[in-house]
Each structure stands twice: as C-alpha cells, then as structure tokens.
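J.: sequence and predicted model, in that order:
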Amino acid sequence: MLGLWVFVWLWPAQAQADKSAQDEDADSSKNAKKTTIEYAWDDLSDGLYSLLISTVAVDPTKPSRIYAGADGLLYRSDDGGLRWKALVRFQGTNRTASAQQVTQQQRVSEIKERLLEEKIEDLASQYGETYARERESELEREAEEEAEDQVAQTQRSRRRQVQGRLRRFIRRVVISTHKPQRILAATDGGAFLSDDFGKTFRSIFRGRRPGEGDILSAEFDPRDHNKIWLGTQNGLWYSIDGGNTFRLIYGKLRRMNIREIRFHPRKPTILYVATNRALFVSRDDGKTFTEPLTLPAGPRRITSLAILPTRPVRVIVGTGGGLYTSVRKGQDMRFRTLEAQGIGDRQITYITSSLASPLSVYLLNDRGVFLSRNGGKSFRLLRDGMLSNVIRFLSVSPTDPNDIWAATEYGVMRWSKSILGHVTRAQLARFERYLKREPSIWSVVLSALRFMHLRTPLTAHHDRFRARALLPEFRFRLLITHDYDQDFAPFRNPIPIQSNEGRAFFFEGTATWHLGQLIHDQRETALITELRRLRRIRDRLMTRVIRLFYARRRLQYQLLRFRDKQFSRYLRLRFKLSEITSHIDGLTGGMFEPGVIRAQRMSRKKRK
C-alpha cells in the first residue's frame with residue numbers, strides 16, 4: 001500500500017520530466033533542421049606560390065574569372081578562386097644599379113686608407129708612435145684584408161637588393177569591359193598589356209623621367225578598349241591606339257602624383273582624377289580640367305576615390321584623416337566632410353563602390369574592411385573569418401554587391417555566404433568544454449614571445465645600459481726592464497721594486513668612471529631606436545597570433561554549424577583549420593599543436 005502511494009505521489013513529477021525531455025528533444029531536432037545563411041571571409045589561396053597578394057580583380061563579363069598579383073607573379077582563376085594558375089612574372093632590368101656602381105679596387109683603396117689610419121692611431125696611443133710605425137707593413141696587410149671583406153659583403157647585399165628590384169610590384173590589374181581578353185597590368189616598373197587573358201604581355205609604357213614608370217592607377221575608357229589612361233608619380237598619360245604611343249596631359253596635372261582615375265558610370269566623357277592634394281574633373285574627355293576640391297597643407301592626403309552610381313552621382317574621397325562627399329549646388333560640385341559612423345578619423349587606404357548597389361561603399365583602413373549600405377553614413381566592420389590585418393586592395397563583383405574580394409598578406413580572401421545550422425544547448429556546452437581544454441590565448445601569446453626571444457621587458461635593456469655608466473673602466477699596464485748581463489727572474493716579488501741590479505717591475509692599474517654617461521650617452525639614442533623596433537615587432541607578433549587564434553575559433557564554430565551539402569567546401573574548411581593550427585604551432589615553437597592533441601584525447605575519453 002505504501003509503494004502504491006509513493007508511485008502515485010511521484011508519477012506527476014516523472015511525467016512532467018518526461019514531457020520536458022520530449023519537448024527539448026523535439027526542439028533540438030527542429031532546430032537542427034533549421035538553417036541560416038551567413039557571410040564570412042573564405043580563404044581561397046590554394047595554388048598561390050606567394051601569399052603576399054598586392055591586388056585582385058574580378059572580370060566584369062565573367063565574375064568567376066579572377067586575377068591576382070603577388071610578388072611579381074600574375075595568377076588567374078576560372079572557377080571562382082578554387083584553383084589558380086600562374087600566368088607570367090613581371091621583371092625589370094638592372095640598368096640603374098649597374099650605372100651607379102664604382103669599381104671594386106677604388107672602394108678597397110678608400111676603405112683600406114681609413115682602416116690603416118685608425119689602426120696606427122690606436123697602436124700609437126698604447127705603445128708609442130715609434131712602435132706603431134715599425135708595424136705599419138703588418139697593419140697595412142690587415143687593413144687590406146678587412147677592406148676586401150667589407151667590399152665583398154657590400155656587393156652581396158647589393159646583389160640581393162638588385163634581385164629584389166627585378167621583381168616588379170603589381171599595383172593594379174584592369175580588365176576591359178568590351179574586350180575581356182585585354183588585360184592591363186600596372187606595376188612599379190611600367191604598364192603591360194595582354195590580349196589573350198594574361199597568357200602573354202607586352203610592355204607599352206616605361207616612362208622617360210624619374211617616377212613616370214611607377215604606375216599608381218590605370219583605367220580603360222568605357223567606350224573604347226584602345227584608349228588607356230595611366231596615372232603615374234609624375235603626371236597623367238593616355239593612349240588612343242592601344243598603348244603604341246602615349247601622350248602627357250599638360251597643365252596642373254603635368255608633374256603631379258596621380259592617385260586614382262575614375263569614370264562617370266553613365267557619362268563616360270566625365271573623368272575624375274585624384275592627386276595627393278586635389279580632385280580634378282574633366283567634362284570633355286580629358287581636354288580641360290576643373291578643381292572642385294583642394295586639401296590644405298597638412299597630413300591629410302587623398303588616397304582613393306569612389307563614384308556612387310546614384311542620381312545625381314555622388315563622389316566620395318578618401319583621405320588620410322577621413323572622408324569627403326560631394327554636394328550639388330546647381331551645376332557646381334562642392335565637397336564637405338562626411339561624418340561616417342564606425343570608422344573614426346583613421347587613414348583611408350582604399351575606397352570603392354559597386355554598380356549593382358548604388359548606395360554601397362566599401363572602405364579599407366588599418367582595422368580591416370568596412371561596408372556601408374547607406375551611402376557612407378555608417379559603416380560596419382567585416383571581420384568574421386579574416387586572417388590578416390594587412391589588406392592592400394579590394395575588388396567587388398559588378399553583378400553581386402556581396403561578392404567582395406580582398407588582397408591580403410595571407411592570401412586571397414572572399415566574402416562569401418555559408419549555410420549554417422542552429423546549435424543546441426547540449427552541443428554548445430560540449431563545444432565550450434572542449435575549448436577550455438585547448439591552450440588559452442594567454443599561454444599561446446607567451447609561448448610565441450618566448451620562442452622569438454621577446455618576452456623580456458624592454459625596459460630591462462634600457463636599465464642595464466644606464467647601469468653600465470656606474471661601472472668603472474679598468475686598465476692594467478705592466479712594464480719590465482731587465483739588464484741582460486744578469487739573470488732574469490721575473491715576478492719574484494709581487495710588489496714593484498727597483499734595485500741597483502738593473503731590474504725593474506712596474507704594475508699599474510687605473511679605474512675610470514664616465515659619469516657624464518649617466519646624463520646622456522650618444523649610444524643611448526641607438527638603443528632607444530632599437531627598443532622601438534623591437535616593440536613594433538612584438539606588437540605585430542602578438543596581433544598576428546591573436547588574430548590567428550580567434551580565426552581558428554570562428555572556423556571551429558563554423559564547422560560545428562556547417563549544414564552545406566557541398567562536401568568540397570567542408571574539406572576546404574577542415575584543411576584551413578589544420579593550416580591555421582600549424583601556423584600557430586610554428587609561431588609558438590611547437591607548443592600549440594600538442595595541446596590541441598591532448599584536448600582531443602581528453603574529449604574522446606569523456607565521451608566513452
């Protein structure tokens with residue numbers, strides 16, 4: 001009877017618990033079936049020999065055809081960045097380096113004379129000028145050997161610099177809208193043109209004066225693919241015959257640094273040209289220019305230019321300290337400061353727009369990539385999945401405003417959508433427990449600093465240097481004179497003696513303090529400069545490790561929610577997770593990956 005009463009008393013609670021468990025399982029299965037579409041940066045660098053990407057371009061006629069420039073090499077992908085093919089390497093000549101060389105023998109003679117004088121002065125100050133002149137021939141041989149070594153080392157370093165200069169830096173890749181097989185590559189050593197999708201190139205412009213061969217911007221005329229515009233460090237040039245001949249635009253633009261060239265999206269006869277300090281507009285196909293914007297003298301300089309295809313057209317100018325936007329007053333164009341939320345007063349590296357979305361503005365600064373959907377009034381940071389904090393260029397597909405490509409120092413990144421599912425509370429709890437077993441961010445950063453010998457506080461180096469001034473400089477001198485007609489017995493008496501037998505032993509010791517170094521030492525300036533350099537290296541290392549660590553965490557969470565049916569994409573995410581793990585392991589000296597393996601083993605044991 002008692003057992004029946006206990007069963008009746010416990011039955012409602014048990015039924016309520018079973019109902020809660022069933023509801024939770026139903027919610028879990030229901031949430032597991034739900035999926036959402038989210039955007040994040042996807043690394044598409046498989047097949048690139050170098051990850052230091054300088055530029056990227058999307059074919060306007062075929063968005064799946066992508067061009068990327070890295071370390072003097074031009075790559076092309078025909079399947080949206082999944083596979084890359086190296087096309088051509090841009091190289092220069094060593095004419096400038098060889099013209100500035102001086103003969104080796106002349107350098108050896110100059111360095112030899114200087115070293116010989118220093119050696120004779122040092123020896124004369126210690127043992128006298130007579131003794132130094134007796135050893136002059138020997139010192140001359142030593143000075144000649146040291147001079148030859150210095151000249152050989154200088155030539156080796158110069159040869160490496162020349163080899164580095166031979167590899168051109170690809171600044172822009174421009175694709176013609178009327179003739180997509182025509183590709184224009186703008187480098188720091190001239191402009192090159194291809195008519196076969198980048199397989200072969202011919203040089204069309206190198207410049208005649210200093211700075212003219214460094215191409216900063218380039219554009220095809222939207223109406224004619226044979227008309228090419230080039231913006232150099234020393235003027236604006238154009239060609240009307242496909243690059244066979246070029247002409248210089250005279251006037252104010254003749255000797256200016258051309259930062260950007262843009263065309264009106266609906267009226268190709270209107271041309272916008274941005275220099276360091278001013279914006280020029282031409283309404284007659286480049287014949288005459290007006291100057292609607294001029295920046296005052298100071299640190300602010302124009303860095304980029306974006307044309308929004310609105311009605312009327314809006315021009316947004318990116319500078320070293322913010323944005324300017326155009327305001328129409330009748331037929332005149334004026335500019336005012338654009339108070340954009342989310343970016344602050346940081347230096348704008350690059351800014352562009354999209355023809356598919358008139359109010360979309362894409363901005364690049366030292367924090368990353370920003371996107372605005374309201375014409376630049378407010379921006380949001382596109383951070384999810386970005387592996388690098390050094391981004392050099394942006395390119396947007398003309399058909400899809402969400403298809404963004406970034407050229408970074410970690411490869412080519414694409415802002416792409418992912419199909420992700422919901423995560424239950426139990427799955428999220430297991431995921432959090434697993435992350436706690438992995439090495440923490442603090443231990444990873446300390447291991448990286450220890451491996452790079454940067455963990456020692458930088459102030460300790462400065463304190464040890466200042467303490468050197470308190471220590472004296474000791475000098476000892478021993479002088480022995482001996483009368484050769486008597487026996488020689490040195491060091492019999494530890495104290496200096498002088499006798500009538502002709503022997504004399506002199507022991508002399510001096511201690512000198514340089515108290516002036518406590519106030520200022522010239523070498524302290526070099527130490528402070530070196531400490532600043534080490535601080536910058538340490539900050540860059542910490543930034544790289546922290547960014548990779550949390551990029552790996554975001555990738556783990558993305559794999560946990562992965563519901564996409566494309567198995568190849570899942571494999572690329574798994575490979576990218578292994579790559580980031582190996583990268584962090586290399587930065588920490590082999591500390592990170594063993595900790596990850598231990599965390600995986602502990603998770604397997606807990607499941608069993």
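T.: Cool, the structure landed.

J.: ok, and the closest non-adjacent residue to the spatially most central residue of the chain?
T.: In the chain, the residue lying closest to the centroid (CA atoms, centre = their mean) is Val390, at 4.2 Å. Counting by CB to CB, 6 or more residues apart in numbering, Glu409 is the residue found nearest to Val390 once chain neighbours are left out, at 4.3 Å. Backbone N, C-alpha and C define where each C-beta goes, glycine included.

J.: what residues are up against that neighbour?
T.: 51-53, 388, 390, 392 (CB atoms under 8 Å, 6 or more residues apart in numbering).

J.: my read: the residue nearest to the centre of the chain touches Ala407, true?
T.: No: using CB atoms under 8 Å, Val390 is not in contact with Ala407; the gap is 9.8 Å.

J.: in a strand, Lys417, correct?
T.: Yes: Lys417 forms part of a strand when assessed by DSSP: H, G, I helix; E, B strand; the rest coil.

J.: give the contact list for it.
T.: 37-39, 402.

J.: since we're on the spatially closest residue to Phe549 that is not a sequence neighbour, how many residues are nearby?
T.: Of all residues not flanking Phe549 in the chain, Ile441 sits nearest, at 5.3 Å (CB to CB, 6+ apart). Neighbourhood size, Ile441 [other CB atoms under 10 Å]: 13.

J.: what does the one 5 residues further on give?
T.: The number of residues packed near Leu446 is 15, by other CB under 10 Å.

J.: equivalent analysis for Asp42, please.
T.: The burial count for Asp42: 19, using other CB under 10 Å.

J.: which SS state does it fall under?
T.: Relying on three-state DSSP, one would call Asp42 strand.

J.: same check on Met413?
T.: Met413 ends up strand, using three-state DSSP.

J.: wouldn't it be in contact with Asp43 here?
T.: Yes: counting by CB under 8 Å, Met413 sits close enough to Asp43 to count as a contact (6.0 Å).

J.: overlap in contacts of those two?
T.: Shared contacts of Met413 and Asp43, counting by CB under 8 Å, 6+ apart, come down to 385, 387.

J.: can you give me the strands in the stretch 251-400 of the chain?
T.: Assigned by DSSP state E, counting those that start in this stretch, the strands in the stretch 251-400 of the chain fall at 258-263, 271-275, 278-282, 290-294, 302-308, 314-319, 322-329, 332-338, 348-354, 357-365, 368-372, 380-382, 391-396.

J.: contact partners of the third one?
T.: Applying CB under 8 Å, 6+ apart, the external contacts of strand 278-282 come out as 252-253, 270-274, 288-295, 302, 305, 315, 317, 333, 335.

J.: which of the residues you listed are buried?
T.: Among those, those classed as buried by neighbour count (16 or more other CB atoms under 10 Å) are 253, 270-274, 289, 293, 295, 302, 305, 315, 317, 333, 335.

J.: of all those residues, which comes closest to Ser357?
T.: Val315 (16.8 Å; CB to CB).

J.: list the buried residues for stretch 527-540?
T.: 534, 538.

J.: what distance separates that stretch from the centre of its chain?
T.: The chain centre lies 17 Å from the centre of stretch 527-540; the measure is CA atoms, centre = their mean, to the nearest Å.

J.: in this protein, which helix is the longest?
T.: If you go by DSSP state H, the chain has its longest helix at helix 522-560.

J.: packing partners of that helix?
T.: helix 425-437, helix 441-451, helix 458-467, helix 567-587 (3 or more CB pairs under 8 Å, 6 or more residues apart in numbering; DSSP states H and E).

J.: mean pLDDT lowest where, among these?
T.: Here the lowest mean pLDDT among the helices and strands packed on helix 522-560 goes to helix 458-467, at a mean of 65.

J.: what segments of the stretch 151-300 of the chain are helices?
T.: Counting by DSSP state H, counting those that start in this stretch, no segments of the stretch 151-300 of the chain form helices.

J.: show me where it dips below the pLDDT cut-off.
T.: Scanning the stretch 151-300 of the chain for pLDDT under 70 picks out 153-167, 211, 298-299.

J.: again, 50 this time
T.: Counting by pLDDT under 50, the ranges of the stretch 151-300 of the chain that qualify are 160-166.

J.: and Ser603, how close does it get to Lys565?
T.: As for Ser603, its distance to Lys565 is 27 Å (criterion: CB to CB, to the nearest Å).

J.: between these two, which one's more packed in?
T.: Ser603 (15 against 7).

J.: how close does Asp43 sit to Gly322?
T.: Applying CB to CB to Asp43 and Gly322 gives a distance of 31 Å.

J.: more neighbours: which of those two?
T.: A count of neighbours by other CB under 10 Å puts Asp43 above the other of Asp43 and Gly322, at 25 against 18.

J.: and the pLDDT at the more buried one?
T.: 84.

J.: circling back: the strands of the stretch 251-400 of the chain: which one's closest to Ser64?
T.: strand 391-396 (13.5 Å).

J.: on that earlier part again, with distance to Glu146 added, can I get the strands of the stretch 251-400 of the chain in TSV?
T.: TSV is the format used below for those (distance: least, CB to CB, whole Å):
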stretch	distance to Glu146
strand 258-263	48
strand 271-275	50
strand 278-282	54
strand 290-294	56
strand 302-308	47
strand 314-319	51
strand 322-329	54
strand 332-338	60
strand 348-354	46
strand 357-365	49
strand 368-372	50
strand 380-382	55
strand 391-396	43
